[in-house]
Every structure is written in C-alpha cells, then in structure tokens.
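> coords please:
(one chain, ligands or ions: 1)
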Amino acid sequence: MDITPEIKERIDKLAEKYHASGQELLAYLDGLLYADYNTYWDYIHLDTLLSLQTPRTSIPDEEIFIMYHQVTELYFKLSLHEIKQLAALSKEQKPGMDIVKTKLIRINRYFSALTHSFGVMEKGMEREQFLKFRMSLIPASGFQSAQYRMIEIGATDFINLVDKEVREGFRNKEANIEEMYHYVYWKKGATLADSGEKTLTLRQFEKKYSDNLIRLAKEYKESNLWKIYQQLSEEEQNDPKLKGAYRSFDLNVNVNWPLQHYRTAAAYLAQRPNDILSTGGTNWQKYLPPRFQKRIFYPELWSDKEKEEWGKAWVQSVLDEIKQNRS
Ligand code: HEM
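Reported below is the predicted structural model:
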C-alpha cells in the first residue's frame, strides 16, 4: 500500500498528539490493529437496555408500564442534558440568545413527544390488568422520579416550587434553600393534612434524594433557566421566539404533561362512588391537577388572567367525561 501524503499527514499529527502526552504512537497503532469493529448493539448497549424490563408479576401489561416509564426517564435525561449545558455555559460566560433558544426548543420537543405519547399509558393497558399488577408496586410511585424534580430545580428560582400557600412569605427575605425545601410543593402533596405524617413513598424518596436535591438547588441558584433569561439584554428578552420558547416550556412541564398524566391517572383510578387509592398514597385528585398546584416557572411572563386560569381549561371536563363513561 502507498503511504499517500494524506496518510503521512495523519500519522504525523497522531505522532505529535501522542508525543505531547509522552505516549508511543506505535503502541496505539497496535491497539488499532487488534481492536474489534464497532457494532450497533455494543455502541448503544442494546443487550443491557433490553434486559432492564423485569416485571414483578406475570401480568403482560406490566411490561408496557415499565417500558414507558423508562422511555420517559430517558426523555427527562435528554432535557436535563440541555439544562446542564446551559447552566455550565452561564458560569463561564453569558450564553447568547440563540443557544438558549435552541436548547429550550429541544426540551420543548422532548416534552411534546412525551405528552403526545401518553396514550401508551392512558389507552394502552387493560384496566383490569393494571389494577392487579399495581398492587405489587406499592409504595413505589412516579412521584419518586428524581429527574422530574431536577428538571423543575434547573428551570426556575426555587421559590416557585414552594407550596403556593406559603410562597409569598419567602418573597421578601433572603431565601434560604433548606428552609424553602421544607415547604416544597411535592412534600405537602404526600403529607397527611390532619396528622402531618409523611407517606412512606415520600419518606423513602427524601432519604435517597433530599441531600442531592438541596445541593442541586444551591448550584442552580444563579444558573437556572430563569437566571439565564435575566442575563440576556432587554431586547433579547423581548424576542418573541425566545419568550415563546420559555412560555411553551412552562406550559409543557406544568400544564400539558401534568394534565395528560392526570387524565391517565383518572382513567385507571377514578371510580364511583369512591376513587381508587394511588400507590404513593397522595390525595391524587386534589394533588395532581395543575390548576390546584399552580406551578408556574415564569410568573413574570404571564398576565394575571393567564395565571388565574392556569391549567383550568380541561381538567374538570376530563374528569366528568371519564366518570360519566364509567357510571
Ligand atoms: C397508568 C399510568 C399512571 C398512573 C395511574 C399514575 C398515577 C399517579 C398518581 C396517582 C400520582 C400521585 C402520587 C401518588 O399518590 O402515587 C402520580 C405521580 C407522579 N407520576 Fe404517575 N402515573 C402513571 C404514569 C406515570 C408515568 C409514565 C410517569 C413517568 C415517569 C409518571 C410520573 C409521575 C410523576 C413525576 C409524579 C409526581 C407528579 C407531581 O408531583 O406533581 N407517572 N402518578
């Protein structure tokens, strides 16, 4: 074989690269000689991926339930991948508007895919099968998804995740993350109102994740997506596409996905005269609807009326429709 000028140039560059770190080019060329070709299945760890579906029962639809949760967690990971990059950028330099827009649009695409595919849950399992296999999952619940909480923490100032009843009390003082974490909205959802006792689902979650989530909230205090928005110039902040991307993100995470999720929960658990208890033990009819939680990442980007009507549109109609069909 001829050693063409192109090949010689590459070899020289490789020699330079390895020499700079005190390595021998020849040894690396040997490595290349013996290395196997890449395959698709090794590259994406296909065998491992397909071995991760391990149902607790032999009821067939449980596998659908597991796989769709796994798919969702991967989309959550994709979203966090973008949020992390923006946060890192904002620590080095101010990220430009275009990169912020690009990344938000990506995350919106992920959440839109999730919202639109939720039918896999809502309509894709036999209710009788679901009501059986769920009993072997107690007290586990999607409520314990830490990535979902990480997305929220990366998205906004922590105060916007504080339970709405006490949120305003934190507004005018130097907010301390630990103190606010004590009142985070999800904690209230999984605490019994009369005794103040936390559900086992919440206690397990806190034991595993609280320290990490508090650390993350501190890390994102100055680099969450809202802080990144505020770093942009006024003209950039008013760019309709950028503003639109932030508003869509707020709606995607706090209304569209939660409504679709709530609709699914109701499809399986709503029943006359008494609704079925959830595996995580929340008062789910009161906890899940976005209009009750009123989680809003970017209150500054919405009018008072829009905030007032947050998530209202189809919640009641969906519940009525489901209960109607079942009665
Ligand atoms: C048939 C399907 C599903 C049903 C019936 C259902 C039901 C519920 C219920 C009742 C809750 C309230 C907590 C509790 O008491 O357990 C909840 C919370 C949650 N679920 Fe699901 N879920 C389903 C599918 C999913 C999927 C596919 C995901 C994706 C990871 C998910 C993620 C979550 C999250 C993140 C929460 C917490 C929401 C919040 O705090 O506002 N769920 N789910």
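
> ok, now how distant is the nearest residue to residue 127 once chain neighbours are set aside from the ligand?
Spatial nearest neighbour of residue 127, excluding adjacent residues (C-beta to C-beta, 6 or more residues apart in numbering): residue 268 at 5.9 Å. The way it works is simple: take the backbone N, C-alpha and C, and place the C-beta from them, glycine included. Per C-beta to the nearest ligand atom, to the nearest Å, residue 268 is found 4 Å from the ligand.

> where's the residue sitting nearest the centre point of the chain, which helix or strand?
Per C-alpha atoms, centre = their mean, the C-alpha nearest to the average position across the chain is that of residue 148, at 3.4 Å. Residue 148 belongs to helix 146-155 when assigned by DSSP states H and E.

> which residues of the stretch 151-300 of the chain fall in helices?
Using DSSP state H, counting those that start in this stretch, the helices of the stretch 151-300 of the chain run over 164-171, 177-181, 185-189, 200-219, 225-231, 234-237, 240-251, 257-269, 284-287, 290-293.

> which parts of the stretch 201-327 of the chain sit against the ligand?
Contact residues (C-beta under 6 Å from any ligand atom) of the stretch 201-327 of the chain with the ligand: 261, 264-265, 268-269, 278-282, 284, 287-288.

> most neighbours, which of those residues?
residue 278 (24 neighbours; other C-beta atoms under 10 Å).

> what pLDDT does the residue lying closest to that residue once chain neighbours are set aside get?
In this structure, residue 278 finds its nearest non-sequential neighbour in residue 284, 4.6 Å apart by C-beta to C-beta, 6+ apart. Per-residue pLDDT puts residue 284 at 92.

> what about residue 76, distance to residue 143?
Per C-beta to C-beta, to the nearest Å, residue 76 is found 14 Å from residue 143.

> higher neighbour count, the two?
residue 143 (23 against 20).

> ok, now which ones touch the nearest residue to that one once chain neighbours are set aside?
Computed as C-beta to C-beta, 6+ apart, the closest residue to residue 143 that is not its neighbour in sequence is residue 280, at 4.3 Å. By C-beta atoms under 8 Å, 6 or more residues apart in numbering, the residues touching residue 280 are 139, 140, 141, 142, 143, 144, 190, 199, 201, 202.

> hmm, which of those residues is lowest in pLDDT?
residue 190 (91).

> number of residues surrounding that residue?
Neighbours of residue 190 (other C-beta under 10 Å): 23.

> tell me who's in contact with it.
143, 198, 199, 201, 202, 280, 281, 282, 287.

> go on, residue 281?
139, 141, 190, 199, 200, 201.

> excluding sequence neighbours, find me the nearest residue to the second one.
So that's residue 141. Spatial nearest neighbour of residue 141, excluding adjacent residues (C-beta to C-beta, 6+ apart): residue 280 at 2.9 Å.

> hmm, back to that, the ligand: which of the contacts of residue 281 is nearest?
residue 141 (3.3 Å; C-beta to the nearest ligand atom).

> gap between that closest one and residue 186?
Separation of residue 141 from residue 186 (C-beta to C-beta): 11 Å.

> do residue 26 as well
Residue 26 is 58 Å from residue 186, by C-beta to C-beta.

> and those two? Which one has more around it.
Between residue 26 and residue 186, residue 186 has the larger neighbour count (other C-beta under 10 Å), namely 20 against 10.

> pLDDT at the more buried one, what is it?
96.

> do the same with residue 94
You'll see residue 94 listed with a pLDDT of 85.

> ok, residue 327 next?
Predicted confidence (pLDDT) at residue 327: the value is 56.

> low pLDDT regions in the stretch 1-150 of the chain?
Counting by pLDDT under 70, the stretch 1-150 of the chain shows no low-confidence range.

> what about the residue in the stretch 101-250 of the chain that the ligand sits nearest to, how many neighbours?
Residue nearest to the ligand within the stretch 101-250 of the chain: residue 142 (2.4 Å; C-beta to the nearest ligand atom). The tally of other residues near residue 142 (other C-beta under 10 Å) stands at 14.
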